[in-house]
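Peer 1: for reference, the sequence and a predicted model appear below.
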2 protein chains.
Amino acid sequence: MEIADWRKKIDELDEQLVTLLSERAAAAVAIGQLKAKSSSPIYEPKREQAVFEHVRRINPGPLSDAQVQDVYERVMDVMRALQRPQ
Amino acid sequence: MEIADWRKKIDELDEQLVTLLSERAAAAVAIGQLKAKSSSPIYEPKREQAVFEHVRRINPGPLSDAQVQDVYERVMDVMRALQRPQ
């Protein structure tokens, strides 16, 4: 496979990634609404730690566990922003 | 659905996300090897711009386009690191 073929494959993966990321965001919005109803805090460090441990544990490579967590730190940042009242 | 149910759904989405992210990383490694063979630069701003435009264009929400790009900036950072010779 040449670079152009790999890039086509990456574009297809990105379409699936954006779909899943959006589903994850919709779930975060739903959780944000439940938290607002019960006056629970948006930032829950224990839950975020559990998410990081989960993704590190299931990481098959070639990314290092630290790199997967790096990506997820950004994911959690935007999810938290989404849960804040506009 | 309660918070625990949404979190179970999120954990399932994370398993799919990590799988896709790893496939994307494997493709980046393959591209890195092709670039090394042809002495091409690892950082290709035009291609990165095209990736950002693509993910913004296909973003269905509820994340803003800027938030999707924020996540992808981190994704591209780790992919670039993976292409560098160890």
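Peer 2: Yep, that arrived.
Peer 1: give me the below-cutoff pLDDT ranges for chain A.
Peer 2: Across chain A, residues meeting the criterion (pLDDT under 70) sit at A:86.
Peer 1: so which residue is dead centre in it?
Peer 2: Residue closest to the average C-alpha location in chain A (C-alpha atoms, centre = their mean): A:Val75, at 4.0 Å.
Peer 1: nearest spatial neighbour of it, chain-adjacent residues omitted?
Peer 2: Closest residue to A:Val75 apart from its sequence neighbours, by C-beta to C-beta, 6 or more residues apart in numbering or on different chains: B:Val71 at 5.8 Å. Any C-beta I mention is one placed from the backbone N, CA and C, and that applies to glycine too.
Peer 1: and the residue nearest to the centre of chain A, what does it touch?
Peer 2: A:Val75 makes contacts with A:Leu21, A:Arg24, B:Val71, as judged by C-beta atoms under 8 Å, 6 or more residues apart in numbering or on different chains.
Peer 1: ok, which stretches of chain A are helices?
Peer 2: Assigned by DSSP state H, the helices in chain A fall at A:3-37, A:45-58, A:65-83.
Peer 1: okay, those helices in JSON lines with distance to B:Arg80 next?
Peer 2: Output for these, formatted as JSON lines (distance: least, C-beta to C-beta, whole Å):
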{"stretch": "helix A:3-37", "distance to B:Arg80": "13"}
{"stretch": "helix A:45-58", "distance to B:Arg80": "20"}
{"stretch": "helix A:65-83", "distance to B:Arg80": "11"}
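Peer 1: wait, the residue nearest to A:Val75 sits on A:Leu21?
Peer 2: Yes. If you go by C-beta atoms under 8 Å, B:Val71 and A:Leu21 touch, sitting 6.6 Å apart.
Peer 1: any shared contact partners between these two?
Peer 2: Shared contacts of B:Val71 and A:Leu21 (C-beta under 8 Å, 6+ apart): A:Val75, B:Leu63.
Peer 1: which one of those two is surrounded by more residues?
Peer 2: A:Leu21 (25 against 22; other C-beta atoms under 10 Å in any protein chain shown).
Peer 1: what is the burial count for A:Glu23?
Peer 2: Residues near A:Glu23, counting by other C-beta under 10 Å, number 17.
Peer 1: what residues does it make contact with?
Peer 2: Neighbour list for A:Glu23: B:Leu13 [criterion: C-beta under 8 Å, 6+ apart].
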